[in-house]
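> Here is my input, please return the structure:
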Amino acid sequence: MRWEQGRDEIDRMLESGELERVQASREHADRLVDQARRHLESAEKICDSDPEGAYDTLYDAGRKALWAVLANQGLRPSHRGGHLAAYHAVRAQLDPPMGRQLRPFDRMRRQRRDAEYPQIDTPEMVPSDVRADIPKISEIVDVAARVLDTMPVY
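Residues are numbered from 1 along each chain as shown. Next up is the predicted model:
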C-alpha cells in the first residue's frame with residue numbers, strides 16, 4: 001500500500017532537504033505519542049505556576065505527535081526544515097479530512113516563539129493561554145495515534 005495524499009509535497013520536501021529518510025519505526029512513533037501525552041499532563045499541572053514553561057511543554061507535545069507520524073513512515077524533519085517541516089508534511093498528507101485538528105499547531109508555534117523570545121511589547125503568557133490550547137494539542141496527539149496504523153512506510 002502506498003499513501004498518495006500529499007505525495008508531491010513530501011517528494012518536494014525530501015528533494016529540498018526539509019525532510020530526510022530514516023528507518024521507519026512504529027516503536028519510536030509510539031514512544032513519541034506516549035511522550036506527547038505525558039507532556040500534555042505536565043503542561044496542565046504547571047500552567048498556573050509557570051505558564052511559559054507549560055506552553056513550551058504543550059507545544060512539544062504537538063511537535064512530538066507530528067514527528068510520530070513521520071517516524072512511522074521513515075521520515076523526519078531535517079535541521080533545515082525543523083518544526084515547520086513536520087507540520088507541513090503531516091498536514092499535506094492528512095488535510096483533508098483532519099486539517100481542522102492540525103491547523104492550530106502553526107499558530108501555537110508562533111505563540112511559543114513569542115513567549116520564548118519576547119519583545120518588549122509581547123503580552124505575557126497567562127495560564128488561560130495554556131488551558132485554551134490543551135484541547136487543541138490533545139486533538140493533534142489523538143490524530144497522530146489514530147493514523148499510525150493506516151499510514152505505511154513512505
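
> secondary structure element for residue 86?
helix 82-94 (DSSP states H and E).

> helices and strands of the chain: which one bottoms out on pLDDT?
Sorted by mean pLDDT, DSSP states H and E, the helices and strands of the chain end with helix 104-116, the least confident at a mean of 93.

> Quick one: the strands in the chain, in order.
19-21, 75-77 (DSSP state E).

> Check the offset of the first one from the chain's centre.
Taking C-alpha atoms, centre = their mean, to the nearest Å, one finds the center of strand 19-21 at 16 Å from the center of the full chain.

> Contacts made by it with the rest, please.
If you take C-beta atoms under 8 Å, 6 or more residues apart in numbering as the criterion, strand 19-21 is touched by 10, 13-14, 70, 74-78, 81, 85, 89, 154. (Glycine included, C-beta is placed from N, CA and C.)

> For my notes, please list these in CSV and give pLDDT and neighbour count for each entry.
Below are the contacts of strand 19-21 laid out as CSV (pLDDT from 0 to 100; neighbours: other C-beta atoms under 10 Å):
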residue, pLDDT, neighbour count
10, 98, 22
13, 98, 22
14, 98, 17
70, 98, 26
74, 98, 15
75, 98, 25
76, 97, 17
77, 97, 22
78, 97, 15
81, 91, 20
85, 97, 23
89, 98, 27
154, 95, 19
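
> got a markdown table for these, with distance to residue 32 too?
Output for the contacts of strand 19-21, formatted as a markdown table (distance: C-beta to C-beta, whole Å):
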| residue | distance to residue 32 |
| --- | --- |
| 10 | 19 |
| 13 | 19 |
| 14 | 20 |
| 70 | 9 |
| 74 | 14 |
| 75 | 13 |
| 76 | 11 |
| 77 | 13 |
| 78 | 17 |
| 81 | 17 |
| 85 | 16 |
| 89 | 14 |
| 154 | 16 |
